[in-house]
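In: sequence and predicted structure, then a few things I'm wondering about:
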Amino acid sequence: MRAVFILITACLAGLMLPPQARAQDIEETGVQAGLTAGSEAGLQDWVAAFRPRALAAGISSAVFDDTMATVHFLPAVVERDRKQDEFTKTIWDYLDKAVSDDRIAAGQRALRDRKDLLDRIEAAYGVDREVVLAIWGLESAYGQVRGDISTPSALATLAYDGRRAAFFEAELLAALRIIQVGDVSPDQMLGSWAGAMGHTQFMPSSFLSFAVDFDGDGKPRIWGDDPTDALASTAAYLAKFGWQKGKGWGREVTLPAGFDYGIAGDRTQKPISVWAAMGIVAAEGGNLPDAGWASLLLPAGARGPAFLVYDNFASIEAYNKADAYVIAVGHLADRIKGGASFKASWPRDLRALTLPERIEMQQHLLGAGVYAGTADGKIGPLTLSAVKAFQRSKGMIPDGYPSLDVLEKLR
Ligand code: CA
């Protein structure tokens, strides 16, 4: 949730990371203890130093000591965190997995099997059931992969490691508060390497703010096999961030010939009627909604599908800010509902730039005087604007997509 998008701010415009870290991914990385500078002794020193801060924040000494006695240094967590910046994945590779036929079919089964629960959640929170299911499907494969890493250990390791110490210490404090109110025991508090927990991968701070008890046992419980509380909590979260039932997240559109691509990509919101007047039509045919505002999004540049995204897009962004994640949730929801796949094809001949290539691109853009950011390899709005300016200066289609072609021209 909120934490997760902080973890993936490097992902924009096709330079994607998986929005969620999964427990099994740590094993897949094959990292071994000793690759990082941290140690169990170092972690325990950090815990001792953290103790007075936690107690000052209202954690009882009993809860602190009982919980932190179970905490260990997890080198694989550190390694996984460091690997994120290097991760490169195109949006189409991501979507192939995120919105696979299997995931669509499992979502449709859940739509039938959990109809009564989904009826009640939709009635209570006004959030379309398919989007709740889509988040469940993406976050934990509908509860099958909820993560089996100790959340206190993962968060303590990341806070001690120090790359984002304040953030993870705050999340660890939130985890201790959850334990302190008795919603879960330390040994049952399990989740991903990054501290996201349960069926829909709530970070502890999000749990404290948004988790609800929906099965009536008095406690919001998201860790067990029963997804009732987690699904209701996700609906509550989306409702809190303004989800409007029946309005959709966005849709694929077709742009008219000669379209000015410079308009897209920087989140320029215009009334949908204005976009329609430019000649933009729904890719599937049919009319665009006749009211509301939308932004034009080209996640793979001019050669990939184009989307008009509506206000609900921002509600999903509150869960995870990566464009690919939001599109995956929206599209999976549409597919669960029986909608069609995208009409336009992705530019599958393009590959994602590596981290060194992204840094080099930014260095060239700095040299060209069009980039106002730093050469850190993180592709954000400033980089996209700079790429656009460069493309325009070279007579290329100014879609802002940081392709290898752009890098080669910069060289
Ligand atoms: Ca409950």
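Out: Structure received. Keep in mind it's a predicted model, so treat the numbers as computed, not measured.

In: next, the contact list for A368, please.
Out: 386, 390, 393, 410 (Cβ atoms under 8 Å, 6 or more residues apart in numbering). For the C-beta atoms, the positions are set from N, CA and C on the backbone; glycine is no exception.

In: can I get those residues in a markdown table including distance to the ion, secondary structure and pLDDT?
Out: What follows is the contacts of A368, written out as a markdown table (distance: Cβ to the ion, whole Å; DSSP: H, G, I helix; E, B strand; the rest coil; pLDDT from 0 to 100):
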| residue | distance to the ion | secondary structure | pLDDT |
| --- | --- | --- | --- |
| A386 | 49 | helix | 93 |
| F390 | 54 | helix | 94 |
| S393 | 58 | helix | 92 |
| L410 | 55 | helix | 93 |
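
In: what subset of the residues you listed is buried?
Out: 386, 390, 410 (16 or more other Cβ atoms under 10 Å).

In: burial measure for the residue lying closest to the first one once chain neighbours are set aside, as a count.
Out: In this structure, A386 finds its nearest non-sequential neighbour in Y371, 3.8 Å apart by Cβ to Cβ, 6 or more residues apart in numbering. A count of nearby residues for Y371, using other Cβ atoms under 10 Å, gives 21.

In: please apply the same query to the one 4 residues further on.
Out: Each residue near A375 was counted by other Cβ under 10 Å, and the total is 17.

In: now do Q188
Out: A count of nearby residues for Q188, using other Cβ under 10 Å, gives 14.

In: can you give me phi and psi for the spatially most central residue of the chain?
Out: Nearest to the mean C-alpha position of the chain, counting by Cα atoms, centre = their mean, stands N320 at 3.1 Å. Note on N320: backbone dihedrals following degrees, to the nearest 10 are phi -170, psi 120.

In: that one against V326, yeah?
Out: Yes. At 7.1 Å, N320 counts as touching V326 under the criterion of Cβ atoms under 8 Å.

In: does the residue nearest to A386 sit in a helix, a strand or a coil?
Out: At Y371 the chain is in coil, as set by DSSP: H, G, I helix; E, B strand; the rest coil.

In: same thing with G279?
Out: Applying three-state DSSP: G279 is coil.

In: let me know how buried it is, in neighbour terms.
Out: Neighbours around G279, by other Cβ under 10 Å: 12.

In: again with A277
Out: A277: 10 neighbours (other Cβ under 10 Å).

In: with adjacent residues omitted, what lies nearest to T354?
Out: In space, T354 is closest to T88, 5.9 Å off (Cβ to Cβ, 6+ apart).

In: roughly how far does the residue lying closest to R51 once chain neighbours are set aside sit from the ion?
Out: Using Cβ to Cβ, 6+ apart and skipping the chain neighbours, the partner closest in space to R51 is F64 (6.0 Å). Distance of F64 to the ion, computed by Cβ to the ion, to the nearest Å: 25 Å.

In: was I right about F64 contacting L176?
Out: Yes. F64 is within contact range of L176, at 6.5 Å (criterion: Cβ under 8 Å).

In: out of the two, which sits in the more crowded spot?
Out: Taking other Cβ under 10 Å, F64 and L176 do not tie; L176 has more neighbours (24 against 20).

In: for the more buried one, pull up the helix or strand it's in.
Out: Using DSSP states H and E, L176 sits in helix 165-180.

In: continuing past that helix, what's the next helix or strand?
Out: strand 190-191.

In: ok, back up a step: next one, pLDDT for the residue nearest to R51 please.
Out: pLDDT recorded at F64 is 98.

In: so it, which of the three states?
Out: F64 is classified as helix under three-state DSSP.

In: around the ion, which positions in the chain sit nearby?
Out: By Cβ under 5 Å from the ion, the residues of the chain that approach the ion are 213, 215, 217, 219, 221, 229.

In: let's see it at 6 Å
Out: Counting by Cβ under 6 Å from the ion, the residues of the chain close to the ion are 213, 215, 217, 219-221, 229.
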